[in-house]
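> Have a look at this fold, sequence not included:
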């Protein structure tokens with residue numbers, strides 16, 4: 001049974017069309033263009049929590065999206081997945097980024113005034129965003145925001161996705177509930193629903209999932225995402241694009257540096273937040289990973305995560 005889906009689009013004006021539904025309209029794809037049949041190419045993908053809900057960063061105004069827009073112009077990513085974004089920031093990104101589409105998906109409060117729109121730390125709606133290159137066939141009209149079944153936490157957590165029928169790609173941005181005890185139970189449920197949507201509704205698409213998962217690489221929550229080849233209880237279907245082992249899906253591999261008898265654990269990596277590594281980029285196993293890294297941003301308490309992949 002399909003979970004709750006909200007159709008979401010953002011035009012330059014910032015107008016959002018969202019309707020609660022059990023099933024969304026499926027667009028009829030046009031025949032693939034010649035570019036879709038060309039040999040695989042390398043593209044940068046990125047993930048970033050913009051911290052729009054924090055007191056430190058949420059009230060900074062346009063410098064936050066302007067700084068990110070400069071980075072996008074330099075890297076030219078195929079897809080950038082964003083969380084803790086604000087409606088006005090998404091509009092600003094769309095104004096600044098020529099050749100890109102932007103989808104903003106607002107979320108609702110859960111802990112206080114359930115069902116009312118969540119807000120940034122300035123007068124703007126709060127939610128998740130996708131930034132994508134228009135020349136890769138992604139269409140704003142295909143955007144869907146999937147409710148993840150949250151039972152605890154500040155907001156009802158969602159995953160927003162957009163498709164390229166031309167290339168059979170789906171890109172999704174997710175933000176799961178932080179915390180322990182009942183919050184951890186909600187996060188487990190959210191992770192299970194995200195995976196169910198990716199492997200069910202988007203079966204046949206090569207997935208790019210970026211998210212603030214709010215848990216560590218060896219946690220039970222991440223077990224649901226990591227492909228079984230990574231071991232340590234992994235039972236998912238995805239390759240990590242920003243892990244220390246690159247394209248390999250296995251528990252560990254020898255380190256490049258001496259001594260050779262030391263290993264890198266593939267479910268690990270550089271911290272993306274003061275809590276550790278909690279931000280991730282996952283891709284379909286058929287997608288080849290060439291390199292990855294993280295970069296500091298003055299505009300957030302999270303680091304930016306980047307990878308170059310071939311699809």
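Cool, the structure landed. What you are looking at is a predicted structure, and each value in this text was computed from that prediction instead of being measured.

> what lines up beside the helix or strand residue 85 falls within in the sheet?
Using DSSP states H and E, the element containing residue 85 is strand 79-86. Taking DSSP bridges as the criterion, strand 79-86 sits next to strand 42-49 (parallel), strand 126-133 (antiparallel) in its sheet.

> Need the residues that contact the first one.
The list of residues contacting strand 42-49 from outside it, by C-beta atoms under 8 Å, 6 or more residues apart in numbering, reads 68, 72, 75-84, 136, 175, 208, 210-212, 241-242, 273, 279-281, 283, 290, 297, 300-302, 304-311. Placement of C-beta: from N, CA and C, glycine included.

> Give me the PyMOL select line for those residues, limited to the buried ones.
The PyMOL command for the buried members of the contacts of strand 42-49 (criterion: 16 or more other C-beta atoms under 10 Å) is given here:
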select buried, resi 68+72+75+77+78+79+80+81+82+83+84+136+175+208+210+211+212+241+242+273+279+280+281+283+297+300+302+304+305+306+307+308+309+311
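
> Out of the contacts of strand 42-49, which sit inside helices?
Judged by DSSP state H, the subset of these located in helices is 68, 72, 75.

> after the strand holding residue 85, next one along is what?
Following strand 79-86 in sequence order, the next helix or strand is helix 87-96 (DSSP H and E).

> which residues of the stretch 101-250 of the chain fall in strands?
For the stretch 101-250 of the chain, the strands defined by DSSP state E, counting those that start in this stretch cover 126-133, 144-147, 158-164, 169-175, 206-212, 239-240.

> Can you lay out the ones you listed as JSON lines showing distance to residue 59 and mean pLDDT?
What follows is these, written out as JSON lines (distance: least, C-beta to C-beta, whole Å; pLDDT from 0 to 100):
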{"stretch": "strand 126-133", "distance to residue 59": "13", "mean pLDDT": "98"}
{"stretch": "strand 144-147", "distance to residue 59": "25", "mean pLDDT": "98"}
{"stretch": "strand 158-164", "distance to residue 59": "24", "mean pLDDT": "98"}
{"stretch": "strand 169-175", "distance to residue 59": "20", "mean pLDDT": "99"}
{"stretch": "strand 206-212", "distance to residue 59": "20", "mean pLDDT": "98"}
{"stretch": "strand 239-240", "distance to residue 59": "33", "mean pLDDT": "99"}
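
> could you redo the ones you listed as TSV and give each row distance to residue 99?
Listed next are the strands of the stretch 101-250 of the chain as TSV, based on distance: least, C-beta to C-beta, whole Å:
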stretch	distance to residue 99
strand 126-133	6
strand 144-147	23
strand 158-164	15
strand 169-175	16
strand 206-212	18
strand 239-240	28
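
> packing partners for the top helix by length along the chain?
Across the chain, the longest stretch assigned as helix under DSSP H is helix 182-199. Packing partners of helix 182-199 (3 or more C-beta pairs under 8 Å, 6 or more residues apart in numbering; DSSP states H and E): strand 144-147, strand 158-164, strand 169-175, strand 206-212, helix 220-223.
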